[in-house]
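Visitor: here's a sequence, model it:
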Amino acid sequence: MALVLAVLCVFASSEAASAQEPPALSDQAFAEALTPALRGGDYGAALALLDARPDIAAFPAGVRLRAELLAKLGRTSEAIALLEGHLARDTTDALARYQVGELHFAAHRDRSAILAYRLALAGTLDPARRGIVQARLDAIEARRDLRITLSGSIAPDSNLNGATSATTVDLYGLPFTLSDDARRRAGVTASLSGSVERRITVSGPYSVSLGASAVVLDASGRTFDQSQIALFAGPEIRLANHSRLALLATLRDIDFGGADLETWRGLRLGGEVYGDAHTRWDGSIHLDRIDNARSAAFGGWTYGLQATRTRFLGPSALWRASVNLDAHDLASAETSYRDARLAVGRLFALPLSTLGYLEPYGQQRAFEGRSSVFGVRRADREVGVSFRVSRRDWRVMGAFPFAQAVVARATSNVALGRYTRQRLEFGFTRDF
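Guide: Numbers count the residues shown, from 1 in each chain. Next up, the predicted model:
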């Protein structure tokens with residue numbers, strides 16, 4: 001019945017197109033063939049009929065109908081790419097965003113489904129579908145499925161190590177000239193990351209959350225190679241209005257340059273709260289013990305907080321603001337520091353069926369003690385902007401490819417802390 005109603009919407013929109021050019025198949029003949037095909041479940045024939053009328057298929061209702069037929073035929077990836085491409089062109093179509101949510105929900109890709117549903121709720125969605133969305137969000141909270149994400153990227157020249165722009169530096173009050181090796185960058189880098197999360201319901205709103213993540217970065221040579229493995233486990237409580245709170249024990253092991261660097265062990269209290277249907281708050285506080293494998297001076301404690309506010313503006317737009325405050329109280333006052341980062345981002349549509357995400361940021365790091373090497377109490381600042389674009393009508397093995405550019409400039413009262421970064425990255429992300 002839903003498909004038949006969609007056909008009626010398509011015909012309501014097709015009159016203008018019919019006036020522009022004579023269709024290969026008349027409206028009457030099209031309707032007479034399409035309606036029984038839909039009622040009889042012959043979705044292949046219905047799709048072929050719709051493809052024979054590109055004037056109708058180009059309208060929003062036609063796009064939604066075509067996506068529904070593709071999904072019925074098991075071509076879900078094509079359906080999502082079609083809808084996402086359409087939403088990058090028509091940013092107000094809440095029904096299409098709702099369809100994206102339904103496709104992700106059916107495939108148990110809960111993170112993607114939640115985002116699509118929240119964006120749809122921020123648009124003009126009819127009361128019946130709003131009720132369905134609320135039921136779907138309730139179902140996602142209740143079923144606690146296994147969640148897996150995977151992403152990868154390659155960057156031609158990342159300046160990953162924050163290679164300094166300085167040519168000379170004073171060490172212990174004496175001037176030194178930096179060689180090209182001392183200022184060299186990391187060259188081409190490739191990274192791969194993934195995460196697995198599982199929530200096991202104990203009783204009512206209570207559950208146990210378990211998870212692991214890994215990041216591997218391969219740089220030119222071996223000096224700047226990095227890898228990280230993180231584990232977490234702990235109790236979680238589900239609150240009203242799809243909010244949650246969790247207390248997790250965490251473990252993180254970091255390697256750098258092919259050797260052990262640090263191990264972090266600690267606790268994290270975090271959660272998410274919806275202020276209203278359009279606003280989500282995410283936050284956490286953490287306390288960790290750092291054991292550094294290379295020098296006891298870099299061991300100690302770190303603690304801090306993170307908060308993010310996301311405002312859903314419509315089917316293809318949102319604002320996001322975040323603040324991170326961290327303190328490293330390490331064995332040596334020279335290496336201890338306070339770090340603060342503020343970022344504001346905006347998701348919006350662009351031509352060529354793409355979505356863009358622009359995020360300017362500022363960061364400051366102030367060290368606690370005077371450096372015996374540089375002779376000053378070091379203070380660093382960095383400002384930059386990242387811009388990510390994703391072609392929404394392309395879907396490769398279930399993932400949307402993306403390109404991201406980052407431009408940053410760092411200043412410091414120490415010459416080694418001054419640099420510029422221009423990073424161009426190509427990659428993909430996918431939820432399972």
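
Visitor: quick one, what contacts Ala94?
Guide: With contacts defined as C-beta atoms under 8 Å, 6 or more residues apart in numbering, Ala94 is in contact with 120, 122-125, 314-315. C-beta: built from backbone N, CA, C; applies to glycine.

Visitor: right, I mislabeled it, should have said Ser153
Guide: Here Ser153 is in contact with 190-191, 404, 425-428 (C-beta under 8 Å, 6+ apart).

Visitor: quick one: it from Leu115, how far?
Guide: Here the criterion is C-beta to C-beta, to the nearest Å. By it, Ser153 lies 20 Å from Leu115.

Visitor: buried only: go through the contacts of Ala94 for me.
Guide: 120, 122-123, 125, 314-315 (16 or more other C-beta atoms under 10 Å).

Visitor: got those as a markdown table, with secondary structure columns?
Guide: As requested, the buried ones among the contacts of Ala94 are arranged in a markdown table below (DSSP: H, G, I helix; E, B strand; the rest coil):
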| residue | secondary structure |
| --- | --- |
| Ala120 | helix |
| Ala122 | coil |
| Gly123 | coil |
| Leu125 | coil |
| Gly314 | strand |
| Pro315 | coil |
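
Visitor: pull the most distant pair out of these.
Guide: Leu125 and Gly314 (10.5 Å; C-beta to C-beta).

Visitor: thinking again about what came up before, filter the contacts of Ser153 down to the buried ones and hand me the ChimeraX line.
Guide: Burial among the contacts of Ser153 is assessed by 16+ other C-beta under 10 Å; the matching ChimeraX selection reads:
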select :191,404,425,427,428
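
Visitor: where does this protein have its least confident helix or strand?
Guide: Taking mean pLDDT, DSSP states H and E as the measure, the chain has helix 15-20 as its least confident helix or strand, at a mean of 41.

Visitor: for the following helix or strand past that helix, the distance to its chain's centre please.
Guide: With elements assigned by DSSP states H and E, the helix or strand that comes after helix 15-20 is helix 27-39. Computed by C-alpha atoms, centre = their mean, to the nearest Å, the chain-centroid distance of helix 27-39 equals 41 Å.

Visitor: now the longest helix along the chain: buried residues?
Guide: Counting residues, the longest helix found in the chain (DSSP state H) is helix 127-143. Residues of helix 127-143 classed as buried: 129-130, 132-133, 136-137, 140-141 (neighbour count, 16+ other C-beta under 10 Å).

Visitor: before we move on, the earlier item: right, and the pair among the contacts of Ser153 with maximum separation?
Guide: Farthest pair in those, by C-beta to C-beta: Ala190 and Gln404, 14.2 Å.

Visitor: just the CA atoms of stretch 232-247, as CSV, please.
Guide: Taking C-alpha atoms only, stretch 232-247 is exported to CSV below (Å, rounded to 0.1, in the frame of the first residue of the first chain):
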residue,chain,number,x,y,z
PHE,A,232,36.8,-0.6,27.9
ALA,A,233,34.2,-2.3,30.1
GLY,A,234,31.7,-1.2,32.7
PRO,A,235,28.1,-0.7,33.8
GLU,A,236,25.7,1.5,31.9
ILE,A,237,22.2,2.8,32.7
ARG,A,238,19.6,3.8,30.2
LEU,A,239,17.8,7.0,31.2
ALA,A,240,14.6,8.6,29.9
ASN,A,241,14.4,10.2,26.5
HIS,A,242,17.1,8.0,24.9
SER,A,243,19.8,9.3,27.3
ARG,A,244,22.5,7.1,28.8
LEU,A,245,25.2,7.1,31.5
ALA,A,246,28.2,4.7,31.7
LEU,A,247,31.1,4.2,34.1
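
Visitor: give me the element the nearest residue to Val385 once chain neighbours are set aside is part of.
Guide: Spatially, and ignoring its direct neighbours in sequence, Val385 is nearest to Pro360 (4.4 Å; C-beta to C-beta, 6 or more residues apart in numbering). Taking DSSP H and E as the definition, one finds Pro360 inside strand 354-367.

Visitor: noted, bye for now.
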